[in-house]
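**Student:** Need a 3D model of the following:
(chains A and B)
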Amino acid sequence: GENVEQHPSTLSVQEGDSAVIKCTYSDSASNYFPWYKQELGKGPQLIIDIRSNVGEKKDQRIAVTLNKTAKHFSLHITETQPEDSAVYFCAAFTGANFGNEKLTFGTGTRLTIIP
Amino acid sequence: DAGITQSPRHKVTETGTPVTLRCHQTENHRYMYWYRQDPGHGLRLIHYSYGVKDTDKGEVSDGYSVSRSKTEDFLLTLESATSSQTSVYFCAISQALYEQYFGPGTRLTVT
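**Tutor:** Purely as a prediction, here's the structure:
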């Protein structure tokens, strides 16, 4: 089955700097890659996603890049702000066979923005 | 939280007792999921449903059962709770398999 690895597990950056979180996946059939932000005591919130036919997607200060050949994708946050502090999860969706479609999650990155 | 509620939000129970967690959605989404979240493991799929009375197992389904008698409700049952089932449980919904939206979670402690 799919295996998703996420790095780093913790990341601290100065307010205003950029943050990058990277994930690798193992199943070449995976075709959808969402990123979730989870604040303390809340459920994960979908913040951006990318499909396998696209190399990059941006939404204001966040962007996601995908390299299908290398099987890795990354989340980029620019001009970080204190409210960006949270745990971020990447995931890969495999939908090769009916009944086997599922999201596989990385283990999370705790991002701390230092004022 | 995309019209998803979970109940209870917190529960403490004893080993060997049955426990049922409820997920309710107001979005009329077809797919519903139960995940558990544990440190170092991210989110792992327990069971999911692709329609009323249609359910299937995820990667960590042992010790859990589910039922979906109405589009809006998805129940997760621990027939006989064990300490290894202490976790935070999240329900998620999606309309077309891809974008999944999560509820606020239920923190379950089995003593």
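
**Student:** Ends of stretch B:68-81, what's the gap?
**Tutor:** Criterion Cα to Cα, to the nearest Å; first-to-last residue distance in stretch B:68-81 is 21 Å.

**Student:** That should have said stretch A:72-90, apologies.
**Tutor:** The first and final residues of stretch A:72-90 sit 11 Å from each other (Cα to Cα).

**Student:** and chain B, which of its residues are near chain A?
**Tutor:** Applying Cβ under 8 Å from any Cβ of the partner chain, we find that chain B lies next to chain A at B:1, B:4, B:40-45, B:48, B:56, B:58-59, B:90, B:97-105. For glycine as for every other residue, the C-beta is placed from the backbone atoms N, C-alpha and C.

**Student:** Give the ChimeraX command for selecting the buried subset of these.
**Tutor:** To isolate the buried subset of these in ChimeraX, counting by 16 or more other Cβ atoms under 10 Å in any protein chain shown, use the following:
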select /B:1,4,42,43,44,45,48,58,90,98,99,100,101,102,103,105
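
**Student:** Could you list which of the residues of chain B next to chain A belong to strands?
**Tutor:** Among the residues of chain B next to chain A, the ones falling in strands (DSSP state E) are B:4, B:42-45, B:48, B:56, B:90, B:101-102.

**Student:** Of those residues, which is the nearest to A:T10?
**Tutor:** B:G42 (14.5 Å; Cβ to Cβ).

**Student:** what bridges to the nearest residue to B:S7 once chain neighbours are set aside?
**Tutor:** The shortest distance from B:S7 to any non-neighbouring residue, by Cβ to Cβ, 6 or more residues apart in numbering or on different chains, is to B:R22 (4.9 Å). Under DSSP bridges, the beta-bridge partners of B:R22 are B:S7, B:L75.

**Student:** how about B:R22, what does it touch?
**Tutor:** B:6-7, B:73-76 (Cβ atoms under 8 Å, 6 or more residues apart in numbering or on different chains).

**Student:** What strand or helix carries A:A91?
**Tutor:** When elements are assigned from DSSP states H and E, A:A91 belongs to strand A:86-94.

**Student:** neighbouring contacts of the helix or strand harbouring A:W35?
**Tutor:** Element membership for A:W35 (DSSP H and E) is strand A:30-38. For strand A:30-38, the external contacting residues (Cβ under 8 Å, 6+ apart) are A:2, A:23, A:25, A:44-52, A:62, A:64, A:66, A:73, A:75, A:86-95, A:103, A:108, B:98-100, B:102.

**Student:** okay, the least confident helix or strand in chain A by mean pLDDT in PDB with CA atoms only?
**Tutor:** The least trusted helix or strand in chain A, going by mean pLDDT, DSSP states H and E, turns out to be strand A:102-105, with a mean of 89. Extracted in PDB, the C-alpha atoms of strand A:102-105 (Å, rounded to 0.1, in the frame of the first residue of the first chain):
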ATOM      1  CA  LYS A 102      -8.200   6.200   0.400                       C
ATOM      2  CA  LEU A 103      -6.000   9.000   1.800                       C
ATOM      3  CA  THR A 104      -2.700   8.000   3.400                       C
ATOM      4  CA  PHE A 105      -1.400  10.700   5.800                       C
END
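
**Student:** what residues does that strand touch?
**Tutor:** Residues outside strand A:102-105 that contact it (Cβ under 8 Å, 6+ apart) are A:1-4, A:25, A:34, A:89-94, B:42-45, B:48, B:58-59, B:100.
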